[in-house]
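Undergrad: Kindly return the folded structure for what I paste below:
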Amino acid sequence: MLQGAWQDWTNGILGLWIILLPFLGFGVDLQRMLLIVTGIMIAVLGFWSASMKRKPSGDGGGAQPPM
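TA: Reported below is the predicted structural model:
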């Protein structure tokens, strides 16, 4: 499961960014824009991570070939 570790860390950092954003002193319009951009990044990473975790079964169910 090390393959998707960087996506988990990125989502964690973006979550912390959302928590800290109101306390950083940005204006309301800038905060709104930053939240929209952050939400888009989280959605893209989440959908991409979910699509990478699916592995197609090329052999029709995982049966091993006869030896």
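Undergrad: quick one, what contacts Gln7?
TA: 45, 48-49 (Cβ atoms under 8 Å, 6 or more residues apart in numbering). Heads up, the C-betas are built off the backbone N, CA and C, glycines and all.
Undergrad: Can I get those residues in a markdown table including neighbour count, secondary structure and pLDDT?
TA: Below are those laid out as a markdown table (neighbours: other Cβ atoms under 10 Å; DSSP: H, G, I helix; E, B strand; the rest coil; pLDDT from 0 to 100):
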| residue | neighbour count | secondary structure | pLDDT |
| --- | --- | --- | --- |
| Leu45 | 17 | helix | 82 |
| Trp48 | 12 | helix | 83 |
| Ser49 | 16 | helix | 79 |
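Undergrad: Tell me the spacing between the nearest residue to Trp48 once chain neighbours are set aside and Leu16.
TA: When the adjacent residues along the chain are set aside, Trp48 lies closest to Gln7, with 7.6 Å between them (Cβ to Cβ, 6 or more residues apart in numbering). From Gln7 across to Leu16, the span is 15 Å (Cβ to Cβ, to the nearest Å).
Undergrad: Same question for Val28.
TA: 21 Å.
Undergrad: hang on, the earlier thing: put together JSON lines for the contacts of Gln7, with distance to Gly39 on each row.
TA: Conversion of the contacts of Gln7 to JSON lines gives the following (distance: Cβ to Cβ, whole Å):
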{"residue": "Leu45", "distance to Gly39": "11"}
{"residue": "Trp48", "distance to Gly39": "15"}
{"residue": "Ser49", "distance to Gly39": "16"}
